[in-house]
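Chemist: Got a predicted structure plus its sequence, pasted below:
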Amino acid sequence: MEVQMGIKRTAAMMILRHGTSFLLLKRNNPPNIGRYVPVGGKIDPHERPFATALRETYEEAGVQLKAEQVRYAGVLSESSPTGYNWICFIYQAEVEPFAPPPCDEGTLAWVDLDHIPDLPTPPTDWQIYQYVLHGQPFALDAQYDEHLKLLDMREEISGQRVYPQP
């Protein structure tokens, strides 16, 4: 099914972490090819975001989470004048470290928070990790230009601009 340009696609992500270490996927495919992101993917027709997050976690990382292990973290809305327009429901789970399995979507690796700024990541993700570490729910609204350069990001619960830093 072709999605009209500008219509938001929906996805769900699961931030798997152990303390300040995050399991990240270096993506082989667009969007965000070559960047490190949490596991996740598009929501299937009639699928709930929570179910998507659990399914994608199992498909990409081989981890079968129980519902009580997972906590809703927040939502990210991304808008651009291109085909990149998403709403992503974000969940998180604290897990014991494990050897990352092979993944068709890319390469999984545990990354400590201190090393994340040295890696290519989507420009929104650093803020998301901060909210997750502080246990603070968020509703982020990110706006990009036609080259997918982040122009502005606001946290809609507080009304605070989080990018660029005030």
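Modeler: Received, thanks.

Chemist: what about the protein, any weak spots by pLDDT?
Modeler: Low-confidence segments of the chain, defined by pLDDT under 70: 1, 3.

Chemist: How about exporting the longest helix seen in it as PDB, limited to the C-alpha atoms?
Modeler: Looking across the chain with DSSP state H, the single longest helix is helix 49-61. In PDB, the C-alpha atoms belonging to helix 49-61 read as follows (Å, rounded to 0.1, in the frame of the first residue of the first chain):
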ATOM      1  CA  PRO A  49       2.000  -0.200  19.300                       C
ATOM      2  CA  PHE A  50       2.800  -2.200  22.500                       C
ATOM      3  CA  ALA A  51       2.400  -5.500  20.500                       C
ATOM      4  CA  THR A  52       4.700  -4.100  17.800                       C
ATOM      5  CA  ALA A  53       7.400  -3.200  20.300                       C
ATOM      6  CA  LEU A  54       7.300  -6.700  21.700                       C
ATOM      7  CA  ARG A  55       7.300  -8.400  18.300                       C
ATOM      8  CA  GLU A  56      10.100  -6.200  16.900                       C
ATOM      9  CA  THR A  57      12.200  -6.800  20.000                       C
ATOM     10  CA  TYR A  58      11.900 -10.600  19.500                       C
ATOM     11  CA  GLU A  59      12.400 -10.400  15.700                       C
ATOM     12  CA  GLU A  60      15.500  -8.200  15.900                       C
ATOM     13  CA  ALA A  61      17.100  -9.000  19.300                       C
END
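
Chemist: Can you list the buried residues in that helix?
Modeler: For helix 49-61, the buried set under the neighbour-count rule, 16 or more other Cβ atoms under 10 Å, comprises Pro49, Thr52, Ala53, Leu54, Arg55, Glu56, Thr57, Glu60, Ala61. (Glycine included, C-beta is placed from N, CA and C.)

Chemist: Just send the residues you listed back as JSON lines, with distance to Lys26 too.
Modeler: Listed next are the buried residues of helix 49-61 as JSON lines, based on distance: Cβ to Cβ, whole Å:
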{"residue": "Pro49", "distance to Lys26": "24"}
{"residue": "Thr52", "distance to Lys26": "21"}
{"residue": "Ala53", "distance to Lys26": "20"}
{"residue": "Leu54", "distance to Lys26": "22"}
{"residue": "Arg55", "distance to Lys26": "21"}
{"residue": "Glu56", "distance to Lys26": "16"}
{"residue": "Thr57", "distance to Lys26": "17"}
{"residue": "Glu60", "distance to Lys26": "12"}
{"residue": "Ala61", "distance to Lys26": "13"}
